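Engineer: model this:
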Amino acid sequence: MAKATAALMDTAKASRKSSNQYRMAVYTFGEKAEDTKLLEVSSLTDNLDQVQTKASKIGLMSIPWQGYDNDQQTDFDRALKNIGNLMGTAGTGASAGSPEKILFFVSDGVGDAYKPSTCTKKTTSGRCQEPIDTTQCEVLKNKGYRIAVLYTTYLPLPTNDWYKKWISPFQSEIPTRMQSCASPGLYFEVSPSQGIEDAMNALFLKIVSTPRLAS
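Structural biologist: Now for the predicted structure:
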């Protein structure tokens, strides 16, 4: 994922018409399980070389021990809400003063967070494991953002008892929920280990070649 995000900067640099045509920022779900939050890897900038360098250093979230905090380290609702607060007002893209806002969202599509009352699936002691709840996706799209979703397929674990009880019942819903989160035409599914770089580049080129119509 880090390699693909860094490589995307080469595609952006090659396709831009001016040095400040695109500005990008990169965020993850956090660096360590003890402090899960929307973590800024690179702040918003048109210096894509800088973004590339920082993105290439993204690592897996560390965890102090197996089962820490009941494994609740993937809070989609909080992350999407917070990214919406950071992105600001969406423009038309017609001028530098009215930039269009695009969110690239890359995930395996399964949320795991403390959500005792609003989870879309059954919980265990308040722990909510669910295919992404698209509520916050709709909030962002209603604000005028376009969302490009890259779904890294959540692979079944048919011999794992936890998977069979908690994830398998909604396995088929994971890709459909992720596609529902995406703006029309901006959804790709790839395996967790192959095709991520190509899919990210294809999504980016599709976005920049499809101007948004504003009324």
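Engineer: ok, which stretches of this protein are helices?
Structural biologist: 2-15, 48-55, 76-87, 135-142, 161-162, 173-181, 196-208 (DSSP state H).
Engineer: pLDDT on the longest one, on average?
Structural biologist: Which is helix 2-15. Helix 2-15 shows a mean pLDDT of 92.
Engineer: Equivalent analysis for stretch 195-206, please.
Structural biologist: On average, stretch 195-206 scores 91.
Engineer: residues of that stretch that come out buried?
Structural biologist: 195-197, 199-201, 203-204 (16 or more other CB atoms under 10 Å). C-beta here means a position set from N, CA and C on the backbone, and glycine is covered the same way.
Engineer: From those residues, pick the one nearest W65.
Structural biologist: I196 (29.0 Å; CB to CB).
Engineer: isn't L205 right next to T11, touching?
Structural biologist: Yes - between L205 and T11 there is a contact under CB atoms under 8 Å: 6.9 Å.
Engineer: who touches stretch 22-38?
Structural biologist: Outside stretch 22-38, the residues that touch it by CB atoms under 8 Å, 6 or more residues apart in numbering are 5, 9, 12, 16, 39-46, 48, 51, 54-55, 58-59, 61-64, 68-69, 72-75, 78-79, 82-83, 86, 99.
Engineer: Please apply the same query to stretch 150-160.
Structural biologist: Under CB under 8 Å, 6+ apart, the answer for stretch 150-160 is 1, 104-110, 163-164, 167-168, 171, 174-175, 178-179, 187-192, 196, 199-200, 203.
Engineer: Among the residues you listed, name the buried ones.
Structural biologist: Buried members of the contacts of stretch 150-160, scored by 16+ other CB under 10 Å, are 1, 104-107, 109-110, 163, 167, 174-175, 178-179, 187-190, 196, 199-200, 203.
Engineer: Quick one: residues contacting the spatially most central residue of the chain.
Structural biologist: Nearest residue to the geometric centre of the chain (CA atoms, centre = their mean): F105, 2.2 Å. With contact taken as CB under 8 Å, 6+ apart, F105 is in contact with 80, 147-150, 181-182.
Engineer: Adding neighbour count, write those residues out as TSV.
Structural biologist: Below are these laid out as TSV (neighbours: other CB atoms under 10 Å):
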residue	neighbour count
L80	24
I147	20
A148	22
V149	25
L150	23
C181	28
A182	22
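Engineer: how much space is there between I207 and D46?
Structural biologist: Distance of I207 to D46, computed by CB to CB, to the nearest Å: 17 Å.
Engineer: Now do the buried residues in stretch 135-148.
Structural biologist: Quick answer for stretch 135-148 (16+ other CB under 10 Å): 136-137, 140-141, 145-148.
Engineer: Tabulate those in JSON lines, adding columns for pLDDT.
Structural biologist: Formatted as JSON lines, the buried residues of stretch 135-148 follow (pLDDT from 0 to 100):
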{"residue": "Q136", "pLDDT": "96"}
{"residue": "C137", "pLDDT": "97"}
{"residue": "L140", "pLDDT": "96"}
{"residue": "K141", "pLDDT": "96"}
{"residue": "Y145", "pLDDT": "95"}
{"residue": "R146", "pLDDT": "95"}
{"residue": "I147", "pLDDT": "96"}
{"residue": "A148", "pLDDT": "95"}
